[in-house]
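[1] Whatever this is, show me its structure:
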Amino acid sequence: MLLVSYFYGSSFANKMKRNIETDLSSQQKFNKVRVGGSKALALAFFGVFPYGILLIAVSVFYRIPAFLLFESIFIYSALIFSIGYLVHNRPYNIIRSYLKAEGSKFSLLSLEYSPTGRLKDWARATRKLNEKKKWLEKIYPYIEEKLAPIESDPLTIISPAANNANYEKRIAIKLAKQLNKPIRFIACDQLEDIEEDRSINIDHKLLEFHFWKDTPYSDLSNRLQLQNISQVDYVLDFKGVIWHQWSEEKEVETIFKYFDQLLKPGGIYILDATDSNYFSRRWNAIALRLFGRITNYAEESTYLMIKKFLTDPKFLENHRHEVVGGMLFITKISVE
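    The predicted structure follows:
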């Protein structure tokens, strides 16, 4: 079965590799397969096991040998989970490996957030949850406290994975009003089809706001230079570039080296540090895929993901960090 899945996955990958950068329909079909795999896994868990427990209860009541029922239940469960796993993971990992080996700049991450991707509801569901928790209202005072002492004119902030820039605009306008100093805020995202949230009024004499879509973080240095910006004061990254870098590569040292070049000495990374237990995250991840809704965060925060890395002696030579108010603040303390 594994041999068959390997050849199936390899053939699928070769075909997708030829089409994935140019054929939108292939991308959408690929996503539908992934979403279908996710639902198969979830339905297997919620459908097969409760059904099996019911059969076992009936077998005990009617004195039917339970061993045969156990055997059948777990054989079918294993089969369903195996098929779901192969459909869900194998093609994606093979294609991702091929594209990476070929040096392709195309990011499969953009597919995940497309209308057919498994994370298409993530941003909307998370924003709705944060509104319910009044998350931004709770974290803003800590952000303002960190930004207030900096005397740059203007105070320059970048958010490399801003999505539709809803949070960024709300933070930017508050800073301009509360600090009463010039603020230059650059919100960008690598997605091409992301639409800027224009519902928030950012008209303020002290605020200069930019929204750059179709801008991978690797292009930031060049784009900043075109604006005559050599370095910035703050990097705001809520479950953004650093989070995804760890999720996909299990490595963040490279990304910090890159942003350290853009960050002034004394500049600060502002990252998320919300907490939730493992079982809550698993439950909400399933709920997000099946129903597009969550009652708590469906993924680890950036802080929980990179927590061990923060204690690396090499990292500590040039950085210090603190967690306060559900936020992680990392300060660059020397020039590389």
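
[2] didn't Val235 look like it was pressed against Leu262?
    Yes. Counting by CB atoms under 8 Å, Val235 touches Leu262, with 7.3 Å between them. From N, CA and C alone the C-beta is placed, and that goes for glycine too.

[3] between these two, which one's more packed in?
    Using other CB atoms under 10 Å as the criterion, Val235 and Leu262 rank with Val235 on top: 26 against 19.

[4] For the spatially closest residue to the more buried one that is not a sequence neighbour, list each beta-bridge partner.
    Closest residue to Val235 apart from its sequence neighbours, by CB to CB, 6 or more residues apart in numbering: Tyr269 at 4.9 Å. Under DSSP bridges, the beta-bridge partners of Tyr269 are Val235, Ile330.

[5] coming back round to it: any shared contact partners between Val235 and Leu262?
    Residues touching both Val235 and Leu262 (CB atoms under 8 Å, 6 or more residues apart in numbering): Ile158.

[6] now Gln178: how far from Glu137?
    Remark: distance between Gln178 and Glu137 (CB to CB, to the nearest Å) = 13 Å.

[7] try Thr156
    Where Glu137 is concerned, Thr156 sits at a distance of 24 Å (CB to CB).

[8] One more: Asn296?
    Note on Asn296: its distance to Glu137, by CB to CB, is 18 Å.

[9] For Asn163, pull up the helix or strand it's in.
    In this assignment (DSSP states H and E), Asn163 forms part of neither any helix nor any strand.

[10] same thing with Leu328?
    strand 327-332.

[11] helix, strand or coil for the closest residue in space to Ser152 that isn't next to it in sequence?
    Distances taken as CB to CB, 6+ apart place Asp233 nearest to Ser152, at 5.2 Å, with adjacent residues excluded. Three-state call for Asp233 (DSSP: H, G, I helix; E, B strand; the rest coil): strand.

[12] Verify the contact between Asp233 and Asp153 for me.
    No. Under the criterion of CB under 8 Å, Asp233 makes no contact with Asp153, lying 10.5 Å away.

[13] between the two, who's got more neighbours?
    Using other CB under 10 Å, the more surrounded residue of Asp233 and Asp153 is Asp233, with 20 against 9.

[14] residues contacting that one?
    Applying CB under 8 Å, 6+ apart, the residues near Asp233 are 147, 150, 152, 155-157, 263-264, 267-268.

[15] Among those, find the lowest-pLDDT one for me.
    Among the contacts of Asp233, Ile150 carries the lowest pLDDT, at 88.

[16] domain assignment for this protein?
    Domain ranges of the chain: 2-108, 122-332, per automatic domain parsing.

[17] Mean pLDDT lowest where, among those?
    domain 2-108 (a mean of 52).

[18] Backbone torsions only: list them for Gly325.
    Here is the backbone geometry of Gly325 (degrees, to the nearest 10): phi 60, psi 30.
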